[in-house]
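Undergrad: next one to model:
(2 chains, ligands or ions: 1)
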Amino acid sequence: MKPAVPKKPGKIETRLSMAVLAVLVAIGVGVALRQFRISPAVLALRPESLHEEAGSPADRAPIIDLKESGMVPFSPPERFTPDTLYEKIDGRADLYLAAGFVSLATQRFAPDHAHDRWVEVFVYDMGTQQNAFSVFSMQRRETARTDRQLPNAYRTENALFMARGQYYLEWIGTDGTPPLQEQIGILARRFSDTHGGADAAVVPGGRLFPEAGLSADSRQLITANAFGYEQLDNIHTAGYLIHGVRLTAFVSERKNASAAAALADSYRQTLIAYGADAAAAPPAVDGAAMLQVFDTMEIVFSRGNYLAGVHEATDPTAATILAQRLAEHLEGLTGPHAPPPQEIGEAEENKEQQ
Amino acid sequence: MRIITTRRISQTFFFLLFLWFCAVSTLGEQVWQLRGWPVGWLLELDPLVGLGTLLATGTLYAGLLWGLLTVVLTIFLGRVFCGWICPFGALHQAVGWLAGRKRSAAVQIAANRYRPAQRIKYVILIFLLSGAAGDFLAWLLDLSVESSIAVAGIAAASLACGIAAVRVRKAFWRRWTTVLVLLIIGWVGLGFLTDGSRLLAASLQTGLLDPLPLFYRSVNLTLLPLLDGRMAAFSSPGRLYPGSVAIGLLFWTVVLLNLVIPRFYCRFICPLGALLEILGRNALYRMGQKPDGCTACGACDRHCEGACDPSTTLRSAECVLCMNCLDRCPHDVMGYGLHPSAAGEMAGPDLSKREFTAALVSGVAAVPLLRLSGGVDANWNPAVIRPPGALDEANFLRRCIKCGQCMRVCPTNVIHPAGLQAGIEGIWTPVLNFRVGTSGCQRGCIACGQLCPTAAIRPIPLDERLGRGEFADRGPIRIGTAFVDRGRCLPWAMDRPCIVCQENCPVSPKAIFTREEFRPVRLSGDLRLREMVEDRLLFDGPALPAERFATGDYFVTLEESPDIAPVRIKDIGSGGISLAENPFVETASPGARITVRVKLQLPFVDPSACIGCGICEHECPVKGRRAIRVSAENASRDRQHRLLL
Ligand code: SF4
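TA: Numbering: from 1, shown residues only, chains lettered A, B, ... in the order given. The predicted structure follows:
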């Protein structure tokens, strides 16, 4: 709005204006300063507030070696057992308990002197490398990207997840800013180095699947009740892309060839009992059954000690191709030129070590 | 610099500050989150909030002392709060200006003329404040009969007044002394007749129309939730507030009324404006005409935000100090100073005695009338669960201004504005709704009490919430107790295993515990044992779907072996059941009846451990009306409704 007659502001008016503006600036500064006095509501969120044993985080040894990481403990370490796990992770406890959970250690770390950003690390001791890989693979996030510097690890916007030996770790940062994420990487590598290094990063059952068409980072290990069938335990799965069709292959190493064959048979029988029908054209794979379950195909067969197959395929041709490749690959593992078992059966090996 | 530019900067500053405060009321430590931002400061500056709670409770919560600053400024400078600080006023001014830009001068002048209906805001103010003053009046009544000093004083004053009434000649004074005597008689008489407990009660309803709570509530509960997006979320995750339609409708109505008359809300409705008018009616500094030079050109009336008739008899109480007249007057006649306006001024408010009395009496009477329903006593609604730290219901209603701060800051979005479940008095006050939100009320969260500007929800320390340290004797704060609805609970009513509530109960030891029971499963026919092969029982009878019975929750008993405990089913295949072990080998014979049993863990609530956090209700898989629900019984805030001795 312009004044009807342009007027030059008088001295008093200008001085008053300046005084008011000065007050506004003072209010602005006051408000800005106030935000440094963190509200008790916010302080209550800090983990040290919730747990009674709070004290100086420095009092107790941190759960991660922090040397040269630029991070300091931001909360005391906390430990949870199978009985108390739910206190920390509420509804997800079952998943870990079913996969052989032993204990959880958590702690927050912050870059030196920062109070508004930190990383919380969850170290799940799952008892075996196989169990750790199982929870790692079963919880892989949609938005995951593989971490190039760490084998058997992936990142999301603000977090890093990895499996190392018998441990499954989650590093969750308050934000996705590069410096914080870099520091998470440093801590994760240090943990990795002090917990078995490259050997502990091996994916159990790494060579069970043929390479052709294998989708990167699609490997999973289902320790129990795979595909809703209780007898299917320790099932390795992998994603494939064949002729543009997404497929899931599965392999499980059993005690011996007859156990593998019996399990293949019982799985097939169970599917039939649920209402599956034998497909009109069985796949050109020796001893394999192809079953139509609603609108998907299930291929099941055994090769030597291995139970294998293709799960819930939508395209019979692509599924058959995958089954053939899988059968050939497993024959290579069990035949006269098979590599020594320690290279192929980490899963079984781990089981024995328990 | 022109003062009007300064005013605009000031309005913009406070408007942005207000938006910033709303945005950062998100729990967290980032700069754009709560941290230590004084997000309720503008509410604290609002003297109506302070006055309302003072009348209703006889106490003033420390932060509300900021309101005194506004009072002092108003007494000296006039309604500077309305024209320079109030963010809601700034919004009205901006919308009104936008709507009126293209209108002719005559239309603008007509829109800005004073209307007698502007007195309505006083009626609203008196009604709301007298509704809050019930307890204060009850105290006064009690005083008239309970304090001997007061009784002696009353007797002496009545006597003095009586003598004066007889002796004073002037009719004016005689009338007043008579009125005073009658008032004293009425006061003492009422004091004897009633203890005040039923006739008078206080409830704070100023927040319904007080502009700052209204604006905070509208932005917090209806605007910010709409803006939450993937890129910029003000709270995680998106918010839901059942009942926000009414809040939004009120907000948009008062904003859009500016299209009809600029600053409609400020001129006709705003109870805070009315209060500031009363405080600033004789302000030391005020707008006014200088003695000479007015040509009655109407330039000042055209842009007057207060509709206070600056060109004629200026209604100084209505002036919001927009300074437009000062800026727009081509003859430099308008000024701001110590002198009265040359063309005359009217201090206002010009409310008739009858209007005043009607508003006062109806305000005082409204609350006890509402309380007759017994909503805060015997007929209280157990579905009204208040946040942790909330005062007992009657005191809560004396303080809550329905600003929505507690709802906005709640990290799980379980605090919602009440509809009518807390009675008409409790409309838009905070209640917990565990079906909505991301979880129940988090044990470690004390945010709502920290943000509540009036301490309707006390600012409790975390130790008190958790019942530890110096509060260990009292135990944790309970907001209610969970009750299992056995008619809807899956294991209780439908023979389906489920222990979600027990698993999610966050207290230790758990407040929800289970008792095991093996119930026979309903099948479409009898199962008879045909043969036993190691752990496998082959049977005749209907086919059993493995996906249901082989999950580990199902067991088998044999009629012929009643003493053998149920044995877990490991697997079901065609015509056979595999058991985890087979203790029936020696006792069972072909033809024996097999009973499939489901192991149920029936949930129970331990009321001494339950804090009413509602996580069980939130997680219960029965999605409509949950099978376990929290009700307000046993809440710490109300000893009347406790369950345990
Ligand atoms: S209880 Fe909630 S709505 Fe009521 S005054 Fe306090 S913060 Fe505002």
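Undergrad: which SSE is immediately downstream of whichever strand or helix holds A:His311?
TA: Assigned by DSSP states H and E, A:His311 belongs to strand A:306-313. Scanning forward in sequence from strand A:306-313 by DSSP H and E, the next helix or strand is helix A:316-334.
Undergrad: list the buried ones in that next one?
TA: Within helix A:316-334, the residues that count as buried by 16 or more other Cβ atoms under 10 Å in any protein chain shown are A:316, A:318-327, A:329-330, A:333-334. Backbone N, C-alpha and C define where each C-beta goes, glycine included.
Undergrad: where do the strands sit along the stretch 251-354 of chain A?
TA: A:277-278, A:289-293, A:296-303, A:306-313 (DSSP state E, counting those that start in this stretch).
Undergrad: nearest to the ligand, of the ones you listed?
TA: strand A:306-313 (50.9 Å; Cβ to the nearest ligand atom).
Undergrad: one step back: let me have the strands of the stretch 251-354 of chain A in TSV, extended by mean neighbour count.
TA: Below are these laid out as TSV (neighbours: other Cβ atoms under 10 Å in any protein chain shown):
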stretch	mean neighbour count
strand A:277-278	11
strand A:289-293	20
strand A:296-303	24
strand A:306-313	25
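Undergrad: and those: which comes nearest chain B?
TA: For chain B, the closest of the strands of the stretch 251-354 of chain A is strand A:289-293, at 12.1 Å, according to Cβ to the nearest Cβ.
Undergrad: that closest one pairs with which strands?
TA: strand A:277-278 (antiparallel), strand A:296-303 (antiparallel) (DSSP bridges).
Undergrad: can you add distance to B:Thr429 and mean pLDDT and give the ones you listed back as a markdown table?
TA: Shown next, in a markdown table, are those (distance: least, Cβ to Cβ, whole Å; pLDDT from 0 to 100):
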| stretch | distance to B:Thr429 | mean pLDDT |
| --- | --- | --- |
| strand A:277-278 | 61 | 82 |
| strand A:296-303 | 53 | 91 |
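Undergrad: nearest to B:Arg597, of those strands?
TA: Closest approach to B:Arg597 among those (Cβ to Cβ): strand A:296-303, 31.4 Å.
Undergrad: who's in contact with B:Thr59?
TA: By Cβ atoms under 8 Å, 6 or more residues apart in numbering or on different chains, the contact set of B:Thr59 is B:Thr53.
Undergrad: can you list the weak-confidence ranges in the stretch 51-200 of chain B?
TA: B:148, B:165, B:194-197 (pLDDT under 70).
Undergrad: where in the chain is pLDDT low?
TA: This is for chain A. When residues are selected by pLDDT under 70, those of chain A lie in A:1-7, A:47-48, A:50-60, A:87, A:90-92, A:113-116, A:142, A:281, A:335-354.
Undergrad: oops, wrong one, chain B.
TA: Ranges of chain B meeting pLDDT under 70: B:148, B:165, B:194-197, B:229-233, B:236-237, B:574-575, B:645.
Undergrad: quickly list the domain ranges of the chain.
TA: As the question left the chain open, I've gone with chain A. A:71-200, A:214-333 (the TED database).
Undergrad: that's the other chain; I wanted chain B
TA: B:3-124+B:205-346, B:145-192, B:393-474, B:525-593.
Undergrad: distance to B:Lys510 added to those, as CSV?
TA: Shown next, in CSV, are the domains of chain B (distance: least, Cβ to Cβ, whole Å):
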stretch, distance to B:Lys510
domain B:3-124+B:205-346, 26
domain B:145-192, 51
domain B:393-474, 13
domain B:525-593, 20
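Undergrad: out of these, which gets nearest to B:Val500?
TA: Nearest of the domains of chain B to B:Val500, taken as Cβ to Cβ: domain B:393-474 at 12.8 Å.
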